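K.L.:
just to be clear, the model below is a prediction. Sequence and coordinates:
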Amino acid sequence: MEKTVTNNNVTFSVVVMAKAAVPGRVKTRLTRGEHALSEVQASDVHSAMLDTVLARVSAHLRAPDGSQPRLILAMDDPAGAPQAAKSLGWHVVSQGEGDLGERLDRVWQGSREQTGHDGVVFFGVDSPDVPTNILESIGDALNHAAAVIGPVEDGGYWTLACRDYLPGLLTGIDWGTPAVYDQTLAIARDAGIDLQPLPGWHDVDDPADLAALVERLASTAEPHLTPLRDRLTPLAPDSSPTMSDTPTPTSSAPLPTGADQDEPMDLSDSTLLLVDDNEQNVELLQAYLEALPCRTLTAFDGEEAMSIIEDDSQPTPDLVLLDVMMPRMSGFEVCQKIKENPKTRTIPVMMVTALNELGDIERGVEAGTDDFLTKPVNKLELITRVKSLLRVRHLKRELDRTEAYIDDLERNRRSTDSDAG
């Protein structure tokens, strides 16, 4: 008889969703750009990561009593399953047709019919090196929440685990977009589902992600990760610039850097403005955001916030975290003033509020808010959203610098043509 995990009151199966490693059909973003791989190399990357996920999940995902879950490998083409899958105890099934949510639900229902249990832990292939302690914590996490989710940097998630059958978490999602994680959280919040974030991790979509993965694996000693390192190292791009890679400026404008390079975003020059009339709430946000190397300003009502934002002697905030219900000037009014002023309208605003009525959300959208965060604030969700909005702000600045650089080149060209005429 097939085993399922019983972790106190939690019983679940594990599902890895994967495509067959067919050149031209998997990891296609690895075949684009300056450090592009061939289609065959990209499929080799996919194959190596799938082998690693299967080996690591089967080895590390256990209940405290040592029992193993039912292991399900759901393939777009079951004939393309890795040879090692069956020897590791994976049951190969077909994903079927439809969008990702429909395929996840179909496999989930099949698992329920086979085991009689509702719990499931979904994995993909793109985050093969999630730390062992995080993998091993999933079963216990489901003892304290109805569901858990692990975000990745591009707005998706590396795992979704549910204690009960919750197909609503798979509907109304714009799969393949940066909105997946936020939409899933919003659906859970609206449905009253206790969905708790796990630590975030990295995924592999493009050559820069592949180079970062190989760098993380450079010093690993984990037996299931060293083969991955050895398979990927020859394929990963060398992102260090050479003389031939470095453009020579032909104008006085500084050459744009950062957003177009394989470097992590530098937050040390970013400034956050935290606005709440409750001092304890401000202190909590400050404590949660200590992990980010940002400068933090605080204000305790709307008018004080506007004074800071409009004060030219202060650094312009790169993000405003704004409470709604405040004396003297509400958060809606502050947001509207920020967005109406041409000098400040590009500053992202996140409303941090206990309000969750549709009318309040509509009013916030009308005021121009860029995002909402519901109290009580979850630390990981806060940091993830702050980093996302700061990245947008950072990319906008890079775009402005690039446009200025191009304009300067064009002026120089016209000046040269005029002198030559």
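P.N.:
Received it, and whenever you're ready, just let me know what you need. Residues are numbered from 1 along each chain as shown.

K.L.:
and Glu303, what helix or strand is that in?
P.N.:
Glu303 belongs to helix 302-310 when assigned by DSSP states H and E.

K.L.:
partner strands of whichever helix or strand comes after that helix and their direction?
P.N.:
Scanning forward in sequence from helix 302-310, with DSSP H and E defining helices and strands, the next element found is strand 319-322. Strand pairing for strand 319-322, using DSSP bridges, gives strand 271-275 (parallel), strand 349-353 (parallel).

K.L.:
burial count for Gln336?
P.N.:
By the measure other CB atoms under 10 Å, the count of residues near Gln336 is 18. In short, each C-beta sits where N, CA and C put it, glycine included.

K.L.:
pLDDT value on the nearest residue to Lys339 once chain neighbours are set aside, please?
P.N.:
Excluding its sequence neighbours, the residue lying closest to Lys339 (CB to CB, 6 or more residues apart in numbering) is Gly368, at 3.4 Å. As predicted, Gly368 sits at a pLDDT of 92.

K.L.:
now do the contacts for Gly368.
P.N.:
Cys335, Gln336, Ile338, Lys339, Arg345, Val349 (CB atoms under 8 Å, 6 or more residues apart in numbering).

K.L.:
hmm, try it at 10 Å
P.N.:
Going by CB atoms under 10 Å, 6 or more residues apart in numbering, Gly368 touches Phe332, Cys335, Gln336, Lys337, Ile338, Lys339, Glu340, Arg345, Val349.

K.L.:
isn't Thr28 up against Glu39?
P.N.:
Yes: using CB atoms under 10 Å, Thr28 makes contact with Glu39 at a distance of 7.8 Å.

K.L.:
so these two - more neighbours on which side?
P.N.:
In this view Thr28 and Glu39 are compared by other CB under 10 Å, and Glu39 has more residues nearby, 17 against 14.

K.L.:
which residues sit in contact with the more buried one?
P.N.:
Val22, Pro23, Gly24, Arg25, Val26, Lys27, Thr28, Leu30, Thr31.

K.L.:
farthest pair within these?
P.N.:
The distance between the two most remote of these (CB to CB) is 14.0 Å, for Val22 and Leu30.

K.L.:
between those two, what contacts are shared?
P.N.:
Here Val22 and Leu30 have Glu39, Ser43, His46 as joint contacts, going by CB under 10 Å, 6+ apart.

K.L.:
quick one: name whatever helix or strand follows the longest strand along the chain.
P.N.:
Taking DSSP state E as the criterion, the chain has its longest strand at strand 10-18. Next along the chain after strand 10-18, taking DSSP H and E as the criterion, comes helix 39-60.

K.L.:
can you check what angle separates that following helix from strand 10-18?
P.N.:
170 degrees (axes from the mean of the first three to the mean of the last three CA atoms, to 10 degrees).

K.L.:
buried set for helix 39-60?
P.N.:
Buried residues in helix 39-60, counting neighbours by 16 or more other CB atoms under 10 Å, are found at 39, 41-58, 60.

K.L.:
from Asp276, how far out is the closest residue to Pro178 other than its chain neighbours?
P.N.:
Nearest non-adjacent residue to Pro178, counting by CB to CB, 6+ apart: Gly155, 3.1 Å away. Distance of Gly155 to Asp276, given as CB to CB, to the nearest Å: 27 Å.

K.L.:
neighbour count: these two, which is higher?
P.N.:
A count of neighbours by other CB under 10 Å puts Asp276 above the other of Gly155 and Asp276, at 26 against 17.

K.L.:
and the more buried one, backbone torsions?
P.N.:
Per-residue torsions, Asp276: phi -160, psi 140 (degrees, to the nearest 10).

K.L.:
domains for the protein, by residue range?
P.N.:
For the chain, automatic domain parsing gives the domain ranges 5-197, 271-395.

K.L.:
format the ones you listed as CSV; extra columns: distance to Thr416.
P.N.:
Below are these laid out as CSV (distance: least, CB to CB, whole Å):
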stretch, distance to Thr416
domain 5-197, 29
domain 271-395, 31
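
K.L.:
so for Leu232, which of those domains sits nearest?
P.N.:
domain 5-197 (6.0 Å).

K.L.:
next one: the closest one to chain centre, how far?
P.N.:
15 Å (CA atoms, centre = their mean, to the nearest Å).

K.L.:
residues contacting Pro342?
P.N.:
Applying CB under 10 Å, 6+ apart, no residues qualify as near Pro342.

K.L.:
model confidence for it, exactly?
P.N.:
Listed pLDDT for Pro342 reads 89.

K.L.:
helix/strand/coil for it?
P.N.:
What DSSP: H, G, I helix; E, B strand; the rest coil gives for Pro342 is coil.

K.L.:
distance of it relative to Glu333?
P.N.:
Distance of Pro342 to Glu333, given as CB to CB: 18 Å.

K.L.:
then Arg413?
P.N.:
Distance, Arg413 to Glu333, by CB to CB: 47 Å.

K.L.:
between these two, who's got more neighbours?
P.N.:
When Arg413 and Glu333 are compared for neighbours, Glu333 comes out ahead with 16 against 12, by other CB under 10 Å.

K.L.:
the helix or strand hosting that one vs strand 349-353, what angle?
P.N.:
Under the criterion of DSSP H and E, Glu333 resides in helix 331-340. Relative orientation of helix 331-340 and strand 349-353, computed by the same axes, to 10 degrees: 180 degrees.

K.L.:
how far out from the middle of the chain is helix 331-340?
P.N.:
Here the centre of helix 331-340 is set off from its chain's centre by 28 Å, with CA atoms, centre = their mean.

K.L.:
in PDB, list the C-alpha atoms belonging to that helix.
P.N.:
What follows is helix 331-340, C-alpha atoms only, in PDB (Å, rounded to 0.1, in the frame of the first residue of the first chain):
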ATOM      1  CA  GLY A 331      -4.100  58.500   4.000                       C
ATOM      2  CA  PHE A 332      -6.400  58.800   1.000                       C
ATOM      3  CA  GLU A 333      -5.800  62.600   1.000                       C
ATOM      4  CA  VAL A 334      -2.000  62.200   1.300                       C
ATOM      5  CA  CYS A 335      -1.900  59.700  -1.500                       C
ATOM      6  CA  GLN A 336      -4.000  62.000  -3.700                       C
ATOM      7  CA  LYS A 337      -1.800  65.000  -3.000                       C
ATOM      8  CA  ILE A 338       1.300  62.900  -3.900                       C
ATOM      9  CA  LYS A 339      -0.100  61.800  -7.200                       C
ATOM     10  CA  GLU A 340      -1.400  65.200  -8.200                       C
END
